[in-house]
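**Q** Quick one, structure for this:
(2 chains)
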Protein chains: 2
Amino acid sequence: MNEIDFISRLTSNLATNESIIVGSGDDCAVLDLEIENEYCLFKTDSVVEGIHFEVETPPEKVGRKAVARALSDIAAMGGYPTHALITLGLPDEYDEDRVASIYDGAKAIATEYKLCIVGGETTQAGQLLLSVSLIGKVSSDCFITRIDSAKGDAIFVTGELGGSHTGKHLDFEPRLKEARWLAQEHEIHAMIDLSDGLATDLRHLLHTKLGAELFTTAIPISLAAKEQAKANPSGKTALLAALTDGEDYELLFTLPAKDAVQLNDAWKRKFPELSLKCIGKITDGPEITLRDEKGAHPLNVHGYDHLQQS
Amino acid sequence: MNEIDFISRLTSNLATNESIIVGSGDDCAVLDLEIENEYCLFKTDSVVEGIHFEVETPPEKVGRKAVARALSDIAAMGGYPTHALITLGLPDEYDEDRVASIYDGAKAIATEYKLCIVGGETTQAGQLLLSVSLIGKVSSDCFITRIDSAKGDAIFVTGELGGSHTGKHLDFEPRLKEARWLAQEHEIHAMIDLSDGLATDLRHLLHTKLGAELFTTAIPISLAAKEQAKANPSGKTALLAALTDGEDYELLFTLPAKDAVQLNDAWKRKFPELSLKCIGKITDGPEITLRDEKGAHPLNVHGYDHLQQS
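**A** From the prediction side, this is the model:
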């Protein structure tokens, strides 16, 4: 059973009430805590040594990444972060100075994004891990979920994709200000942050019945993905890397096709330093296809699945 | 460096702002999210296989314990829980049915205490662990911290102490309704839930300068602690177990001595099924002493320290 199916099994029949605006299954839970005009966002995300970082990874970057990943989920709802708790899972033997440097990296990015760390705990763990719990807020009339795509919507993605593991996964900027502007100024239908690769994460923006058509030439391929393909001609092509590599932490979103040109123009004025590409459209589906000069081909590749198990 | 000193090192110089009513170092963070008349409580707590539970522990009880521990921290602030996220750290090889049963245990106690689980994640971990993140609420004019004890205060404890590892640690009831009643109806100065043993946790209710005198004969010793001492005459005495065993999850609190008798009477009417004992008083300090018929002796025993490292 893969991660998504197993989580679905675990979280089936969860109790709910009127305070839960969005429960399990989106980038964050959205909660009505009776704050005027705002909802509370609630998220937990962890990084584990050997999977999300290595022993050799500069420790400040480990702490930075752990917090940045959770911030990226807050961004995907159109919200802003307020408070964090950090759980440190420590093996029997560990280097206190390294762990303190990891924590310093977390503190530094928290300060950068006006997020206050308000505690947490240390616990024993078989391998070093950081679990970050975040609270944020979002306007109650313009938060964005994964579920409201409609046939004909344009699909947009920020930045360039693929090859993140060569460096970007440690240094990416969570797209908080961009996402908040999108949520406040545009009629965004659905949004997600790209953590598992475009081919996998796009599926989360489609209802059971919807599909998508992507335009091959519009997929923004990162320099890292191109260099990686050049260095290893028998490996993934640069396009395949852009479609399937994980940890891009860019925004993928849909909006009515009629708004696409206006959005594109407004974006260029607002965020000239970050590319925004219209990469396709929502279709009747249910399949995702890739259109190039030779026609449309089913996209049957998969992104990174956190937890592989058959 | 022990757990507390190491956490102090990590959390030194954390940024703060006016939304943080209580930051790192109490049972929960207390946050002003601009909810009318209430503050938000924020807590994370984890249980790890081999430390907090064993391979043989009935899985439903593992999930129950993980949630109950965090609920006990919400209780210690005088609050009530609202929403939870659960992170499951899973080793390479695990039994899906067992993990699902663990999750069922978490769901069952959540329902019992009107707590909604709103998501979480699975991640890889060297050993099985559950990290529970909780949001709760507390009245902004009667939340209780660890820090407001004063000389002369009476020290009270609920329930009976010691020997929890023989069973209670899996079955305890977090003292939510009792703590909320205390917070709302009485002038409680400081409160904590007993997780690391009375001798250790009492220290958290004393400022640098304050101390405490405990009355040996007033310490409520559990049947489990007595039976354990009887079965192993060369081990801990029952009194020492009550003072130092961890995982009691009872409430320890202080209030003005003048209110002690009235509290005791009101408690007996309100919660006849749960014992409440006045076990001592706050002194000039800084030492903690234990008074018996032979006089006062310094209490220099220590409770359980989650993370032992020299």
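
**Q** going forward, measure contacts and count neighbours with C-alpha atoms only.
**A** Fine.

**Q** all helices for the stretch 151-300 of chain A, in order.
**A** A:168-171, A:176-185, A:198-201, A:223-231, A:238-244, A:260-270 (DSSP state H, counting those that start in this stretch).

**Q** Name the residues of the fourth one that come out as buried.
**A** By neighbour count with 16 or more other CA atoms under 10 Å in any protein chain shown, helix A:223-231 contains the buried residues A:224-226, A:228-229.

**Q** Quick one: mean pLDDT over that helix.
**A** Helix A:223-231 carries an average pLDDT of 96.

**Q** got it, and the second one?
**A** Helix A:176-185 shows a mean pLDDT of 98 in the predicted model.

**Q** Which elements pack onto that helix?
**A** helix A:59-76 (3 or more CA pairs under 8 Å, 6 or more residues apart in numbering or on different chains; DSSP states H and E).

**Q** does chain B sit close to the helix it packs on?
**A** No: contact of helix A:59-76 with chain B (CA under 8 Å from any CA of the partner chain) is absent, the minimum separation being 11.9 Å.

**Q** In the sheet, which strands lie alongside the very next helix or strand once past that helix, parallel or antiparallel?
**A** Scanning forward in sequence from helix A:59-76 by DSSP states H and E, the next helix or strand is strand A:80-90. Paired with strand A:80-90 in the same sheet, following DSSP bridges, are strand A:116-124 (parallel), strand A:129-139 (antiparallel).

**Q** Packed most tightly, which of those would that be?
**A** Highest mean neighbour count of the strands paired with strand A:80-90: strand A:129-139, a mean of 25 (counted as mean count of other CA atoms under 10 Å in any protein chain shown).

**Q** residues making contact with it?
**A** Outside strand A:129-139, the residues that touch it by CA atoms under 8 Å, 6 or more residues apart in numbering or on different chains are A:37-49, A:63, A:66-67, A:70-71, A:74, A:77-90, B:44, B:125, B:133.

**Q** circling back to that earlier point, quick one, which of the strands paired with strand A:80-90 is nearest to residue A:24?
**A** The closest of these to residue A:24 is strand A:129-139. By CA to CA, the value is 14.9 Å.

**Q** Could you check the angle the closest one makes with helix A:59-76?
**A** Relative orientation of strand A:129-139 and helix A:59-76, computed by axes from the mean of the first three to the mean of the last three CA atoms, to 10 degrees: 30 degrees.

**Q** Kindly export strand A:129-139 (C-alpha atoms) in CSV.
**A** Taking Å, rounded to 0.1, in the frame of the first residue of the first chain, the C-alpha atoms of strand A:129-139 are listed here in CSV:
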residue,chain,number,x,y,z
LEU,A,129,14.5,13.9,12.6
LEU,A,130,12.8,17.3,12.9
SER,A,131,9.0,17.6,13.0
VAL,A,132,7.7,21.1,12.6
SER,A,133,4.2,22.0,13.7
LEU,A,134,2.9,25.3,12.3
ILE,A,135,0.0,27.6,13.0
GLY,A,136,-0.9,30.2,10.5
LYS,A,137,-3.8,32.4,9.5
VAL,A,138,-5.7,33.0,6.3
SER,A,139,-8.5,35.3,5.3
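
**Q** quick check: mean pLDDT across that strand?
**A** Mean per-residue pLDDT for strand A:129-139: 98.

**Q** Repeat that for stretch A:188-200.
**A** 95.

**Q** gap between the two ends of it?
**A** This stretch, stretch A:188-200, spans 20 Å end to end (CA to CA, to the nearest Å).

**Q** For chain B, tell me whether it is touching it.
**A** No: Stretch A:188-200 lies out of reach of chain B by CA under 8 Å from any CA, never closer than 13.5 Å.

**Q** Just the buried residues of that stretch, please?
**A** Buried-residue list, stretch A:188-200, by 16+ other CA under 10 Å: A:188-200.

**Q** Return the distance of that stretch from the chain's centre.
**A** Offset of stretch A:188-200 from its chain centre (CA atoms, centre = their mean, to the nearest Å): 6 Å.

**Q** residues making contact with that stretch?
**A** Taking CA under 8 Å, 6+ apart as the rule, stretch A:188-200 contacts A:27, A:72-73, A:75-77, A:144-150, A:182, A:201, A:204-205, A:242-256, A:299, A:301-306.

**Q** same question, stretch A:178-186
**A** Residues outside stretch A:178-186 that contact it (CA under 8 Å, 6+ apart) are A:75-80, A:142-144, A:188, A:251, A:263, A:271.

**Q** of the residues you listed, closest to chain B?
**A** Of all the contacts of stretch A:178-186, residue A:80 has the smallest distance to chain B: 12.8 Å, by CA to the nearest CA.

**Q** who's that closest one bridged to?
**A** residue A:137.

**Q** is it true that it touches residue A:175?
**A** No: with contact defined as CA atoms under 8 Å, residue A:80 does not count as touching residue A:175 (10.4 Å).

**Q** Quick check on these two: which one has the bigger neighbour count.
**A** residue A:80 (25 against 22; other CA atoms under 10 Å in any protein chain shown).

**Q** OK, contacts around the more buried one?
**A** Shown in contact with residue A:80 (CA under 8 Å, 6+ apart): A:74, A:136-138, A:176, A:180.

**Q** cool, residue A:260 as well?
**A** Residue A:260 neighbours (CA under 8 Å, 6+ apart): A:154, A:278.

**Q** Tell me where the model's unsure across chain A.
**A** Applying pLDDT under 70 to chain A flags residues A:1, A:300-310.

**Q** tell me the domain ranges of chain A?
**A** By the assignment in automatic domain parsing, chain A contains the domains A:13-139, A:154-298.

**Q** my read: residue A:280 touches residue A:220, true?
**A** No: with contact defined as CA under 8 Å, residue A:280 does not count as touching residue A:220 (11.8 Å).

**Q** Centroid-nearest residue for chain A?
**A** Central residue of chain A (CA atoms, centre = their mean): residue A:193, 2.5 Å from the mean position.

**Q** ok, and the closest non-adjacent residue to that residue?
**A** The shortest distance from residue A:193 to any non-neighbouring residue, by CA to CA, 6 or more residues apart in numbering or on different chains, is to residue A:251 (4.7 Å).

**Q** dump the residue contacts of the closest residue to residue A:275 other than its chain neighbours.
**A** Distance criterion CA to CA, 6+ apart; nearest residue to residue A:275, sequence neighbours excluded, is residue A:159 at 4.9 Å. Contact analysis of residue A:159 by CA under 8 Å, 6+ apart lists A:220, A:250, A:274-277.

**Q** how much space between residue A:159 and residue A:72?
**A** From residue A:159 across to residue A:72, the span is 14 Å (CA to CA).

**Q** I'd assumed residue B:38 was in contact with residue A:35.
**A** No: the pair residue A:35 / residue B:38 is not scored as a contact, 10.1 Å apart, by CA under 8 Å.

**Q** which of these two has more neighbours?
**A** Taking other CA under 10 Å, residue A:35 and residue B:38 do not tie; residue B:38 has more neighbours (22 against 16).

**Q** Quick check, the more buried one in contact with residue B:140.
**A** Yes: here residue B:38 reaches residue B:140: they are 4.5 Å apart, a contact under CA under 8 Å.

**Q** need the residues of the stretch 101-250 of chain A near chain B, please.
**A** Going by CA under 8 Å from any CA, the residues of the stretch 101-250 of chain A near chain B are A:103-104, A:107, A:111, A:116-127, A:129, A:133.

**Q** What's opposite residue A:30 in the beta bridge?
**A** Beta-bridge partners for residue A:30, by DSSP bridges, are residue A:22, residue A:41.

**Q** can you redo the helices of the stretch 151-300 of chain A as a markdown table with distance to residue B:212?
**A** Below are the helices of the stretch 151-300 of chain A laid out as a markdown table (distance: least, CA to CA, whole Å):
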| stretch | distance to residue B:212 |
| --- | --- |
| helix A:168-171 | 49 |
| helix A:176-185 | 49 |
| helix A:198-201 | 57 |
| helix A:223-231 | 63 |
| helix A:238-244 | 62 |
| helix A:260-270 | 62 |
